[in-house]
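Chemist: following is a predicted model, sequence given first.
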Amino acid sequence: MKVGVTKEASERERRVALVPDSVRSLTDREGVEVLIESGAGDAAGFPDSAYSDAGATVTSHDDAAGADVLLAVSRPSGEEIGGMKSGQVLIAHLDPWTSTETNNALAGAGVTAFAMEAIPRTTRAQAMDSLSSQAAAAGYAATLLAARESGRFWGMLTTAAGTIRPAKVLVLGAGVAGLQAIATAKRLGAIVTGFDIRRAAWEQIASLGGRPLELDFIPDAEGEGGYARPLTDEENEQVREAIGENAAGQDVVITTAAIPGRPAPLLITAKAVEGMAPGSVIVDLAAETGGNCEVTEPGETVVVNGVEVIGPLDLPAELPGHASQLYSKNLENLLDLMVGEDGSLEIDFGDDILDAACITRDGEIRGERTAR
Ligand SMILES: NC(=O)c1ccc[n+]([C@@H]2O[C@H](COP(=O)([O-])OP(=O)(O)OC[C@H]3O[C@@H](n4cnc5c(N)ncnc54)[C@H](O)[C@@H]3O)[C@@H](O)[C@H]2O)c1
């Protein structure tokens with residue numbers, strides 16, 4: 001079996017799907033060959049020589065793109081999909097629930113496509129869960145971005161020129177990204193408050209040294225599969241009001257709230273932004289799905305009343321080395337389910353992980369949610 005990795009299609013993407021350590025593990029297996037497009041790992045800090053030393057063949061784009069199994073970080077372009085062979089396997093983040101065009105193109109080209117977003121979030125699949133590994137990178141990168149932009153020390157500082165009080169940071173949404181943001185802000189010395197509508201998250205916030213904002217007038221909103229359920233309009237209104245009041249006393253707000261398959265919930269209104277002190281910073285991790293803050297512009301920084309509101313896109317790509325390392329391990333674990341003893345490709349669609357993750361096969365779109 002040949003496994004291929006090409007340079008990512010998007011200019012902004014600095015991650016690479018396989019790092020040399022994973023290449024070594026794969027090529028140690030009988031019958032597995034790895035083809036890497038020259039320069040594919042450069043932006044993540046992995047030169048061609050590291051791949052050759054690990055046992056890969058460093059080659060042209062077309063050669064790598066023609067492998068039996070093509071691995072990528074993000075969705076390939078239409079042109080790339082057009083160049084794929086029928087029966088070829090693709091594994092990547094494919095935005096399967098919002099990118100109808102990509103789904104149709106993959107099905108049309110006869111590609112057997114696995115979307116990393118569609119891997120079930122079960123205990124057995126945890127080691128393949130790139131939503132978690134990349135959310136952790138996003139939460140960390142968002143906090144460093146907020147720290148840099150805030151223009152202040154985050155920890156307390158006692159100096160001959162006076163004492164600096166610690167920064168106050170509010171993190172909204174305490175899933176994987178939010179908890180990582182809380183942990184990172186604490187390590188920098190800030191006073192951290194965290195909020196989530198799932199009560200189970202309150203204990204997790206406290207375990208990281210954060211103070212949970214316990215809005216207990218809202219019933220626990222934990223829904224199917226441990227995810228949050230959408231709040232009612234009235235509940236949303238109450239939450240926004242309480243958050244607006246709290247945000248007014250914070251130096252930094254990092255927002256990460258999401259409901260799977262829906263636009264991001266609005267948590268910080270324009271009025272709440274105006275209520276914050278000039279010089280405060282908001283980093284909105286939900287910018288890509290509509291934003292948790294009313295004034296967020298995806299991919300832009302806007303300043304309202306002296307408050308800087310940043311809507312970053314592709315935050316995991318800000319940590320290309322480690323984000324690639326974790327993603328590569330997720331892929332290695334997923335590939336383990338597909339490689340036979342002799343190194344040939346053996347996909348058992350009776351396996352619940354492979355069945356759920358496969359979104360196109362034999363010209364058909366698979367899975368109710370993807371089809372919808
Ligand atoms: N393999 C696994 O078992 C596994 C892996 C990852 C996550 N999970 C679970 O999934 C859940 C969420 O994980 P995620 O980080 O992917 O979630 P996510 O990225 O979908 O959402 C981020 C957070 O936003 C919160 N949120 C939604 N609406 C909100 C609102 N109006 N106000 C404040 N917060 C709001 C959610 O509760 C969630 O914690 C957690 O329970 C986590 O333990 C399980």
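Modeler: Here it is on my side, so go on. Numbering: from 1, shown residues only.
Chemist: the closest residue to the ligand within the stretch 51-200 of the chain: what's it in contact with?
Modeler: Taking Cβ to the nearest ligand atom as the measure, the stretch 51-200 of the chain has Gly175 as its residue closest to the ligand, at 2.1 Å. C-betas here are computed from N, CA, C, even on glycine. The contact partners of Gly175, by Cβ atoms under 8 Å, 6 or more residues apart in numbering, come to 135, 196, 201, 256, 258.
Chemist: so the third one versus Ala40, what's the distance?
Modeler: Counting by Cβ to Cβ, to the nearest Å, the separation of Ala201 from Ala40 is 37 Å.
Chemist: what about those two, which has more around it?
Modeler: When neighbours are counted by other Cβ atoms under 10 Å, Ala40 comes out ahead of the other of Ala201 and Ala40, with 25 against 20.
Chemist: correct me, but that one touches Gly4?
Modeler: No. Ala40 is beyond contact range of Gly4, at 9.7 Å (criterion: Cβ atoms under 8 Å).
Chemist: re earlier: which of the contacts of Gly175 has the largest number of neighbours?
Modeler: Neighbour max across the contacts of Gly175 (other Cβ under 10 Å) = Thr256, 28 neighbours.
Chemist: list the contacts for that residue?
Modeler: With contacts taken as Cβ under 8 Å, 6+ apart, Thr256 has the following neighbours: 138-139, 142, 171-175, 177-178, 181, 285-286, 292.
Chemist: what residues does the stretch 51-200 of the chain have near the ligand?
Modeler: When proximity is defined as Cβ under 6 Å from any ligand atom, the stretch 51-200 of the chain approaches the ligand at 121, 123, 126, 129, 131-132, 135, 172-178, 195-198.
Chemist: at 5 Å what do you get?
Modeler: Among all residues of the stretch 51-200 of the chain, those adjacent to the ligand (criterion: Cβ under 5 Å from any ligand atom) are 121, 126, 132, 173, 175-176, 196-198.
Chemist: of those residues, buried ones?
Modeler: Burial by neighbour count, judged by 16 or more other Cβ atoms under 10 Å, picks out 132, 173, 175-176, 196-198 from those.
Chemist: now the two most distant members of those.
Modeler: Checked with Cβ to Cβ, those reach their widest spread between Ser132 and Ile197, with 19.4 Å between them.
Chemist: isn't Asp355 right up against Ile347?
Modeler: No. Asp355 lies out of contact with Ile347 (Cβ under 8 Å); the separation is 9.7 Å.
Chemist: on that earlier part again, quick check: neighbours shared by Ala40 and Gly4?
Modeler: In terms of Cβ under 8 Å, 6+ apart, Ala40 and Gly4 are both contacted by the residues Ala64.
Chemist: thinking again about what came up before, closest to Leu215 out of the residues of the stretch 51-200 of the chain next to the ligand?
Modeler: Proximity of these to Leu215, judged by Cβ to Cβ, is greatest for Ile197, which lies at 7.9 Å.
Chemist: so that closest one: helix, strand or coil?
Modeler: Three-state call for Ile197 (DSSP: H, G, I helix; E, B strand; the rest coil): coil.
Chemist: contacting residues around it?
Modeler: Shown here is Ile197, whose contacts under the criterion Cβ under 8 Å, 6+ apart are 215, 218, 220-221, 228, 231, 239.
Chemist: dump those into a markdown table; add distance to Ser52 and secondary structure as well.
Modeler: Supplementary listing: the contacts of Ile197 in a markdown table, determined by distance: Cβ to Cβ, whole Å; DSSP: H, G, I helix; E, B strand; the rest coil:
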| residue | distance to Ser52 | secondary structure |
| --- | --- | --- |
| Leu215 | 55 | coil |
| Ile218 | 56 | coil |
| Asp220 | 53 | coil |
| Ala221 | 51 | coil |
| Ala228 | 46 | strand |
| Leu231 | 53 | coil |
| Val239 | 54 | helix |
